[in-house]
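1. build me a model:
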Amino acid sequence: MAVDEALLESVAGLGAPVLRTYSWTEPAATFGYFQRHAEVADWTPLRPLIRRPTGGGVVPHVADWTYSVAVPPGHPWYELSAVESYQRVHQWLQAAFGVVGLGTELAPCCDPQGPGRCFVGAERFDLLYQGRKLAGAAQRRNRMGLLIQGSVQPAPRGIERAAWEAALGAVASESSGIRWEPFRADETFQRRVDALVAEKYSSAAYLAKR
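-> I've put the predicted structure just below:
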């Protein structure tokens, strides 16, 4: 979470969107910035519980594929409405899954079975596989940029994560002419990540502040 927030803070200076994919070293759950910690604690037995810098609901992280996208202000994606942005990111994921042989669809409307819990029910433009939610995301937009944090779960059987991640890059390159470059974190960026960990993401007071 600290790395994602640091990316949001620095993406304007980079001048181009950043795609990050990552996984978890232990089972955990993240929850939306505006959610109440006590309520979330009743909904899931997973620990630790970590407050995200984005909104949305509770997301379990056990064996999911997690990613984030940071977009600088002034970029065409930044100018999209929240709904349009949500649709765009899942169209991108859908196209990448198509490349590796998995047919998915965007949810036409809502299935509010579990408000506040991201993978119970579905929202419009969530990514579905065989009628079940496969991918969801949360967003935060401010003057620094746009941050999207998403999860794919459960990981589709028979699909290699590395192949899907490569397809994400290829789809973006082919559809938008994007030329990808590695993101190299310098000492300033790492110091900011360390500070966010200390000030927020390892602080019980911050995580349970609501």
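2. stretch 173-192 - what's its average pLDDT?
-> Stretch 173-192 shows a mean pLDDT of 93 in the predicted model.
3. end-to-end on that stretch?
-> End-to-end distance of stretch 173-192 (Cα to Cα, to the nearest Å): 30 Å.
4. what segments of the protein are strands?
-> Across the chain, reading from the start of the chain, the strands by DSSP state E fall at 18-22, 28-31, 49-51, 59-61, 65-71, 105-106, 127-129, 132-142, 145-152.
5. elements contacting the third one?
-> Applying 3 or more Cβ pairs under 8 Å, 6 or more residues apart in numbering; DSSP states H and E, one finds that strand 49-51 contacts strand 28-31, helix 37-43, helix 204-207. All C-beta spots, glycine's among them, are computed from the backbone N, C-alpha and C.
6. and the helix ranked longest in the chain, average pLDDT?
-> Counting by DSSP state H, the longest helix found in the chain is helix 82-99. Averaged across helix 82-99, pLDDT comes to 98.
7. mind listing what's buried in that helix?
-> Applying a neighbour-count criterion of 16 or more other Cβ atoms under 10 Å, one finds S85, Y86, R88, V89, H90, W92, L93, Q94, A95, A96, F97 buried in helix 82-99.
8. that one vs strand 132-142, what angle?
-> 140 degrees (axes from the mean of the first three to the mean of the last three Cα atoms, to 10 degrees).
9. how far off strand 65-71 does helix 82-99 point, in degrees?
-> Using the same axes, to 10 degrees, the direction of helix 82-99 lies 130 degrees away from that of strand 65-71.
10. got the angle for helix 82-99 vs strand 145-152?
-> 40 degrees.
11. one step back: so which of the helices and strands packed on strand 49-51 is the most surrounded?
-> strand 28-31 (a mean of 23; mean count of other Cβ atoms under 10 Å).
12. residues in contact with that one?
-> For strand 28-31, the surrounding residues in contact (Cβ atoms under 8 Å, 6 or more residues apart in numbering) are 1, 37, 40, 44, 46-52, 57-61, 149.
13. drop anything exposed from those residues.
-> In terms of neighbour count (16+ other Cβ under 10 Å), the buried residues within the contacts of strand 28-31 are 1, 40, 46, 49-52, 57-61, 149.
14. let's have the residues you listed in CSV, adding distance to A122 and pLDDT.
-> Converted to CSV, the buried ones among the contacts of strand 28-31 look like this (distance: Cβ to Cβ, whole Å; pLDDT from 0 to 100):
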residue, distance to A122, pLDDT
M1, 24, 98
V40, 19, 95
L46, 21, 96
L49, 23, 97
I50, 23, 97
R51, 23, 97
R52, 19, 97
G57, 12, 93
V58, 15, 95
V59, 14, 95
P60, 16, 95
H61, 19, 97
Q149, 17, 98
